[in-house]
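> Any chance you can model this:
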Amino acid sequence: IRERARVARKISEIAKNVVHGDSEEWRTKAIEGIRSLFDARAVGIFQAPSGSESHLAEWIGEEGWGEDSGWDTFQPFSSNVYLKDSYGYLTRKSDPNAFIGISEKVAALLIISIPGRSHSLGSAVVVLKDELETSSGLAKDLQTLGSILGSSMERSAAEQKMRIAQRMETVGRLAGSIAHDFNNLLTTIMGSSQLLLEENNQSKLDRDLLEDIGRAADHAALLTRKLLVLSRKQVVLLEPVDMNESTRNFAQMANRMVGEKIQVELSPLNSEAFVTADPSNIEQILLNLTVNARDAMPEGGKIKISL
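Numbers count the residues shown, from 1 in each chain. This is a model prediction of the structure:
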């Protein structure tokens, strides 16, 4: 009875420190409490994200115990193979084959299952210097302890997702602000190039360059719309896009973008080719493919865009 009371008190302390403490430090507090509870040589928490193999997330050990002391050796024990209901318990005397390659200082291993709402989240492996005195209430105590660890693990994951969402919202606001300022600059560039095009005293080369400036500015405007979509200040614009015209305009700009050693060749369709899409996405796809192709041909070559 006295031992059960001690265990219950220790589990209560672990719950208080873990559940109501800082979510960033819950693993450290948990394994410190578990090590104290069982007077263990070391304790390691293995996390197992859904559909993936478990990995060591946190550990603590007595002096001289480190990662190179054999946590890789203990990783297989974190699987469900050694679990019976809420825990697994192995001793060197009862199962000597399981302890091959493990230090003689380890008398037993206790594996505590960490349950989640929909799947197992991992397990805690307790490396014991002495065998435990098992009792009828041990399974219930370990089930409670595993539930505490599982709740803390899910809370930590939820808070991490919230922090990521908050950072993305900040990035979105910044992107929206930059997009608006950049649009103001583009308005000047596009207006000035258009005014110059309306004059008739330029050479063919000058007109070609001005047209390239206009197309590049149009492309930049499409990119700023993508930033505005990221900032949730503008919706995705779906409209009929003429793929022949879109690729033709892009190819004219791409010829100068890829450099003199690479030739861009376009093979449009002989018939109309309309798709419903956001024009900025079409140009972004063509740009990504062209840049990748250019980088793959440092000595030069030909990029063929076919529809």
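
> Now for L149, how many residues are close by?
26 (other CB atoms under 10 Å). (Glycine included, C-beta is placed from N, CA and C.)

> helix, strand or coil for it?
helix (DSSP: H, G, I helix; E, B strand; the rest coil).

> The closest residue in space to it that isn't next to it in sequence bridge partners, please.
Spatially, and ignoring its direct neighbours in sequence, L149 is nearest to I114 (4.6 Å; CB to CB, 6 or more residues apart in numbering). Beta-bridge pairing for I114 (DSSP bridges): G122.

> what about the stretch 201-307 of the chain, any weak spots by pLDDT?
226, 228-237, 256-257, 259 (pLDDT under 70).

> can you give me the helices in it?
204-230, 243-257, 279-295 (DSSP state H, counting those that start in this stretch).

> what's the neighbour count on V264?
Neighbour number of V264 under other CB under 10 Å is 20.

> so it makes contact with T290?
Yes - using CB atoms under 8 Å, V264 is in contact with T290, at 7.3 Å.

> Can you work out which residues contact both of those two?
Residues touching both V264 and T290 (CB atoms under 8 Å, 6 or more residues apart in numbering): A254, V258, I303, I305.

> The third one: what's it in contact with?
Okay, so that is I303. With contact taken as CB under 8 Å, 6+ apart, I303 is in contact with A254, V258, I262, Q263, V264, E265, T290, A293, R294.

> Now distance to G150 too, for those residues, in JSON lines please.
Below are those laid out as JSON lines (distance: CB to CB, whole Å):
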{"residue": "A254", "distance to G150": "54"}
{"residue": "V258", "distance to G150": "54"}
{"residue": "I262", "distance to G150": "56"}
{"residue": "Q263", "distance to G150": "60"}
{"residue": "V264", "distance to G150": "57"}
{"residue": "E265", "distance to G150": "59"}
{"residue": "T290", "distance to G150": "49"}
{"residue": "A293", "distance to G150": "49"}
{"residue": "R294", "distance to G150": "51"}
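
> from these, which is closest to Q47?
Within those, distances to Q47 taken as CB to CB reach their minimum at A293, with 41.2 Å.

> Without its sequence neighbours, what residue ends up closest to that closest one?
Excluding its sequence neighbours, the residue lying closest to A293 (CB to CB, 6+ apart) is I303, at 4.8 Å.

> ok, now Y87?
Using CB to CB, 6+ apart, the closest residue to Y87 is L142 (4.3 Å).

> Could you grab the helix/strand/coil label for the one you found?
helix.

> quick one: terminal-to-terminal distance for stretch 225-245?
20 Å (CA to CA, to the nearest Å).

> pLDDT score assigned to the residue nearest to Y87?
L142 is assigned 88 on the pLDDT scale.

> what's near enough to touch it?
Residues in contact with L142, defined by CB under 8 Å, 6+ apart, are S86, Y87, L110, I112.

> Looking at the residues you listed, which is nearest A30?
Nearest member of those to A30, counting by CB to CB, is I112, at 10.3 Å.

> So Q263 sits against K304, correct?
No - at 9.0 Å, Q263 and K304 do not qualify as touching, with contact defined as CB under 8 Å.

> returning to that earlier point: wait, which of the helices of the stretch 201-307 of the chain is closest to F182?
Nearest to F182, of all the helices of the stretch 201-307 of the chain, is helix 204-230, at 5.3 Å by CB to CB.

> The closest one: how far from the chain's middle?
33 Å (CA atoms, centre = their mean, to the nearest Å).

> What distance do you get for the residue of the chain most remote from its centre to R207?
Centroid-distance maximum for the chain: N201 at 55.7 Å, with CA atoms, centre = their mean. N201 sits 10 Å away from R207, going by CB to CB, to the nearest Å.

> And for L195?
For L195, the distance to R207 - CB to CB - is 13 Å.

> ok, those two, which is more surrounded?
R207 (14 against 10).

> ok, that one touching L197?
Yes - the criterion here is CB under 8 Å, and R207 meets it with L197 at 6.7 Å.

> returning to what we had before: spit out the contact partners of the residue nearest to L149.
I45, S120, L121, G122, S123, A124, G146, L149, G150, M153.

> repeat that with 6 Å
L121, G122, S123, G146, L149, G150 (CB atoms under 6 Å, 6 or more residues apart in numbering).

> just checking, the last one touches P115?
Pointing back at G150 there. Yes - G150 lies in contact with P115 (CB atoms under 6 Å); the separation is 4.9 Å.

> what about the strands in the chain?
Assigned by DSSP state E, the chain shows strands spanning 42-47, 55-61, 87-91, 108-115, 120-128, 239-242, 262-267, 274-277, 301-306.

> From the contact counts, what lies against the second one?
Under the contact definition 3 or more CB pairs under 6 Å, 6 or more residues apart in numbering; DSSP states H and E, strand 55-61 sits against helix 26-38, strand 42-47.
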